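K.L.:
next one to model:
(4 chains)
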There are 2 protein chains.
Amino acid sequence: MEERLDIVFAALADPTRRAILAMLLEDDMAVTDVAEPFAMSLAAISKHLGILTRAGLISQEKRGRVKWCKLEPDSLRDASIWMQGFGQFEAVNLDAFERFLEAELNSDPPGPA
Amino acid sequence: MEERLDIVFAALADPTRRAILAMLLEDDMAVTDVAEPFAMSLAAISKHLGILTRAGLISQEKRGRVKWCKLEPDSLRDASIWMQGFGQFEAVNLDAFERFLEAELNSDPPGPA
DNA sequence: GCAATCGTCAACCGTTTGGTTGAATATGGG
DNA sequence: CCCATATTCAACCAAACGGTTGACGATTGC
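P.N.:
From the prediction side, this is the model:
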């Protein structure tokens, strides 16, 4: 769970990758179309997409010869939660946050997909 | 504004640095004390603290020969906001956590540390 | 069937990163 | 004044990163 944060934050630490995520927020895209606005090779973009995929931030599905890229917004959840522990509640310690997460998990049966 | 995100996310992408932030959440600490639980040299920790400082995540103030490290929780706000842009996370939000803390506070007088 | 398109792989390159060690620079205390 | 403590600096190292290029395997359309 901890090393997942490593990968997610590292993936977010690159401006090209963040730009790609922003593009995918609008719509799913093929690899070639993702690459189009960037001043770098297709191979480089392909690598970036691999990193985003390994981080779980996007998913890729091949249909025909075109590989479609899709944002996976839920994947940011853990990282966001981790950050909220520091951001807004400075005086609050992690124990309280952990208790919160546990309580939420126990009390709240998963909502509809 | 964009490159600030680079630095912040990169700083967060290391488990040692995240652990340091968690420690500083409890209390301000001297560099030597920060280093104590880690299996690496003081110089390495000093570098990590430099990175966290440059990212604005902590601040350092020298009093006498001791340099005190202090969490700067506000610094995570921009990154958090950026992430919320992707969030259909809905589930764990600040409001829920605040209600939890309130409930906890009302029902359970805080035990000693 | 063949050529064009889509995407990845492999090798390479320069830079950055995370760590080490040893010396250097304050500062404080007896 | 001298020694111990607190911290950083500088040089070095291996590994990872972000990019390139060229070859390659699928798939599609004519």
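
K.L.:
contacts for stretch A:15-33?
P.N.:
Contacts to stretch A:15-33, defined as CB atoms under 8 Å, 6 or more residues apart in numbering or on different chains, come from residues A:11-12, A:34, A:37-38, A:40, A:42, A:45-46, A:48-49, A:51-52, A:57-58, A:60, A:66-71, B:2-3, B:5-6, B:82, B:85-86. Every residue, glycine included, has its C-beta placed from N, CA and C.

K.L.:
just the mean pLDDT for it, thanks.
P.N.:
Mean per-residue pLDDT for stretch A:15-33: 97.

K.L.:
need phi/psi at residue A:52.
P.N.:
Comment: the main-chain dihedrals of residue A:52 come out as phi -60, psi -40, following degrees, to the nearest 10.

K.L.:
I should have written residue A:68 there, sorry.
P.N.:
As for residue A:68, its main-chain torsions (degrees, to the nearest 10) stand at phi -90, psi 140.

K.L.:
tell me the contacts of it?
P.N.:
Counting by CB under 8 Å, 6+ apart, the residues that residue A:68 touches are A:28-30, A:60-62.

K.L.:
ok, now how distant is it from residue B:19?
P.N.:
38 Å (CB to CB, to the nearest Å).

K.L.:
give the contact list for the closest residue to residue A:7 other than its chain neighbours.
P.N.:
Spatial nearest neighbour of residue A:7, chain neighbours left out: residue A:55 (4.7 Å); criterion: CB to CB, 6 or more residues apart in numbering or on different chains. Residues in contact with residue A:55 (CB under 8 Å, 6+ apart) are A:7-8, A:10-11, A:75.

K.L.:
picking that back up, the contacts of residue A:68 also near DNA strand D: which ones?
P.N.:
Checked against DNA strand D using CB under 7 Å from any atom of the strand, these give the following subset in range: residue A:62.

K.L.:
for the contacts of residue A:68, which two are the farthest from each other?
P.N.:
Of all pairs drawn from those, the greatest distance, 13.6 Å, lies between A:29 and A:62 (CB to CB).
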